[in-house]
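1. fold the following.
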Amino acid sequence: MTESNSEQLRSTQEKDAQQKNSQQRSSKKKLFACGFISALVAFGAINVMAIGSLTERTSGLSKETLSKSSEESSQEGTWSFWVARDYLMREKAPPVVMFGSSLIGSATFSADTQTTKNFRDCVVDRHAATLERDIKQQLGGRTEVYNASIPGSMASDAYLMSSALFKPDNKPQLVIIGVNPRDFIDNTVTAPADTEPFQFFSRYVSLGNLAKASFSDPFAYLDWTFHQYIPLKRMNAKLAEIASQISRIGQKPGEHPRTLVSHLNVKRSVMQVFLGGGKDIRKGEWLIPYPMPYGFQDNMPEYLNRYKNPKTALFPREKKFFNAFLAKLKDENIKVLVVNMPATYPNRSILPDTFWHDFKTYLSSTCTNYGADYIDLSDDFRFIITDYLDTVHLNASGGTRLFKIIAAKISSSPQLSAAALPQQVPAELRTNVQTSAVDNHWK
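-> Modelled structure (predicted):
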């Protein structure tokens, strides 16, 4: 074979090899594309089939939903579960509901031990007995006040809780909201979505335009979006709940999955009860004694940390939720009283005067914009050091003082009075209330 023929043969072989490689690459691309499309179709099909089992948001939070939960079967859950359960298990909504953090909780439970002359179980004793008594004394009629406070609750949590619990046929006439700077600027919380109430109630509520304000970074928002709209992502929580239910088969209601020791053997200090959290809350373990022992705790280091940066990115996010909360209540024709809760001077002094000016101006103007009543007790001289458990939480004496002021404010307004006693206050009494009300110009 001549040299030219050899070169021609090699050239032909190289071309054949290149053509073969090209065909193989093309075949692999087609195979990969087909595989990807098939996987995508399968993923979509599985998600479509799974949608039926993930209906929390469309069906909402209800008595039936809670009765099927693992928390109900074990009688153990978070504060959010217990508050939701107690509210929804009632035959009808209470006329008055109080929202807030442990500041409202400590004032209510502490004062109620004195009013009822008995201990209070923070899990199930949700009647605000002291405020009910004071409203009766002011207006002459009985009402029911429900204490929906949750330790660590933020402004965003109150919005979500009300959105999940209030239905057209199961809503109060009057909402009282206790607020404090911590509800807006807590430096130990990076975003509204970090809290336990948010994680519990957001499963049943559409966030809408508030979704982006709920998260501290776009990746957290993206992950939440996947969980909301891709059922397989949310299946993990469902499977965990199913596994929890299976583990409790044969277990009597109220028994703890790890130990069956008496609930009453659990000993906690008063402040641990007011501030405690977790997912293992049970009846009989979170008790406020009667009579309450007096003792003052210095919690300034805690609040120096919470308030170390008053210009936190959380503030504008919580403002959006608070605005949405008031707007929602106005749309539902629910009367509102916002109370800027009292605090001691050392606690208030952590935040600069400029913050307090802006904060009070914001609360006052926002309440005016949404037709809510507002009283500022943050630096009210009537609260003295012996009214406190620490620098912000009221004891029995302080709680009693607080609710007398709130009841007087309600009595001074015919709108608030009528809402507190729906269909119970005759027209002439409302007129008398309006003309004889105490002129309450709070400091």
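2. which of the helices or strands spans the nearest residue to residue 382 once chain neighbours are set aside?
-> The shortest distance from residue 382 to any non-neighbouring residue, by C-beta to C-beta, 6 or more residues apart in numbering, is to residue 401 (6.3 Å). For every residue, glycine as well, the C-beta is placed using N, CA and C. Under the criterion of DSSP states H and E, residue 401 resides in helix 396-411.
3. do the same with residue 319
-> Going by DSSP H and E, residue 319 is in helix 314-331.
4. avg pLDDT for that helix?
-> Mean per-residue pLDDT for helix 314-331: 97.
5. ok, stretch 184-193 next?
-> On average, stretch 184-193 scores 95.
6. what residues of that stretch count as buried?
-> Neighbour counts using 16 or more other C-beta atoms under 10 Å place 184-187, 189-193 of stretch 184-193 among the buried residues.
7. the helix holding residue 401 - contacts with which helices or strands?
-> With contacts defined as 3 or more C-beta pairs under 8 Å, 6 or more residues apart in numbering; DSSP states H and E, helix 396-411 has these neighbours: helix 102-116, helix 129-139, strand 335-340, strand 373-376, helix 414-420.
8. name the residues of the second one that are buried.
-> Of the residues in helix 129-139, those with enough neighbours to count as buried (16+ other C-beta under 10 Å) are 129-135, 138-139.
9. tell me which of those residues is nearest to residue 360?
-> Nearest to residue 360 among the buried residues of helix 129-139 is residue 131, at 23.8 Å by C-beta to C-beta.
10. ok, the closest one touching residue 407?
-> Yes - the criterion here is C-beta atoms under 8 Å, and residue 131 meets it with residue 407 at 6.4 Å.
11. that older thread, export the helix holding residue 319 as PDB, just CAs?
-> These are the backbone C-alpha positions of helix 314-331, laid out as PDB (Å, rounded to 0.1, in the frame of the first residue of the first chain):
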ATOM      1  CA  LEU A 314     -36.800  43.300  62.900                       C
ATOM      2  CA  PHE A 315     -38.500  46.600  63.800                       C
ATOM      3  CA  PRO A 316     -39.900  47.500  60.400                       C
ATOM      4  CA  ARG A 317     -41.000  43.900  59.800                       C
ATOM      5  CA  GLU A 318     -42.900  43.700  63.000                       C
ATOM      6  CA  LYS A 319     -44.500  47.100  62.300                       C
ATOM      7  CA  LYS A 320     -45.900  45.700  59.000                       C
ATOM      8  CA  PHE A 321     -47.500  42.800  61.000                       C
ATOM      9  CA  PHE A 322     -48.900  45.200  63.700                       C
ATOM     10  CA  ASN A 323     -50.400  47.400  61.000                       C
ATOM     11  CA  ALA A 324     -51.900  44.400  59.300                       C
ATOM     12  CA  PHE A 325     -53.300  43.200  62.700                       C
ATOM     13  CA  LEU A 326     -55.100  46.400  63.400                       C
ATOM     14  CA  ALA A 327     -56.300  46.700  59.800                       C
ATOM     15  CA  LYS A 328     -57.700  43.100  60.000                       C
ATOM     16  CA  LEU A 329     -59.500  43.800  63.200                       C
ATOM     17  CA  LYS A 330     -61.000  47.000  61.800                       C
ATOM     18  CA  ASP A 331     -62.200  45.200  58.700                       C
END
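12. chain center to it: distance?
-> 13 Å (C-alpha atoms, centre = their mean, to the nearest Å).
13. could you do stretch 329-340 as well?
-> How far stretch 329-340 lies from its chain's middle: 17 Å, per C-alpha atoms, centre = their mean.
14. what sits up against it?
-> By C-beta atoms under 8 Å, 6 or more residues apart in numbering, the residues outside stretch 329-340 that reach it are 162, 166, 171-180, 326, 360, 363, 367, 370-378, 402, 406, 409-410, 415-416, 419.
15. for the buried ones among the residues you listed, write the corresponding ChimeraX selection.
-> Selection of buried members from these for ChimeraX, criterion 16+ other C-beta under 10 Å:
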select :162,166,171,172,173,174,175,176,177,178,179,180,326,363,367,370,372,373,374,375,376,377,378,402,406,409,410,416,419
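16. poorly predicted segments of the stretch 101-250 of the chain, please.
-> Where the stretch 101-250 of the chain drops to pLDDT under 70, the residues are 224, 226-250.
17. could you pull out the helices for it?
-> 102-116, 129-139, 155-165, 182-185, 196-201, 218-229, 231-247 (DSSP state H, counting those that start in this stretch).
18. distance of the residue nearest to residue 382 from residue 395?
-> Applying C-beta to C-beta, to the nearest Å, the value for residue 401 to residue 395 is 10 Å.
19. so for these two, which sits in the more crowded spot?
-> Each of residue 401 and residue 395 has its neighbours counted (other C-beta atoms under 10 Å); residue 395 has more, 24 against 20.
20. the more buried one contacts residue 385, correct?
-> No - checked against C-beta under 8 Å, the pair residue 395 and residue 385 is beyond contact range at 10.5 Å.
21. in stretch 205-216, what counts as buried?
-> For stretch 205-216, the neighbour count (16+ other C-beta under 10 Å) marks 205, 207, 210, 213-216 as buried.
22. check the residues you listed and tell me the two furthest apart.
-> Pairwise distances across the buried residues of stretch 205-216 (C-beta to C-beta) peak at 19.5 Å, for the pair 205 and 216.
23. residue 87 contacts residue 146, doesn't it?
-> Yes - using C-beta under 8 Å, residue 87 is in contact with residue 146, at 6.6 Å.
24. which residues touch the most centrally placed residue in the chain?
-> What sits nearest the mean C-alpha location of the chain, by C-alpha atoms, centre = their mean, is residue 157, with 2.7 Å. For residue 157, the contacting residues are 150, 192, 195, 197-198, 201, by C-beta under 8 Å, 6+ apart.
25. cool, residue 355 as well?
-> When contacts are counted by C-beta under 8 Å, 6+ apart, residue 355 touches 181, 310.
26. from residue 311, how far off is it?
-> 8 Å.
27. same question, residue 330
-> In terms of C-beta to C-beta, residue 330 sits 29 Å off from residue 311.
28. higher neighbour count, these two?
-> Neighbour totals were compared for residue 330 and residue 311, and residue 330 leads with 15 against 9 (other C-beta under 10 Å).
29. which SS class is the closest residue to residue 81 other than its chain neighbours?
-> Sequence neighbours aside, residue 71 is the residue nearest to residue 81 in space, at 4.7 Å (criterion: C-beta to C-beta, 6+ apart). In three-state terms, and counting by DSSP: H, G, I helix; E, B strand; the rest coil, residue 71 is helix.
30. in contact with residue 71, which residues?
-> Going by C-beta under 8 Å, 6+ apart, residue 71 touches 77-78, 81, 85.
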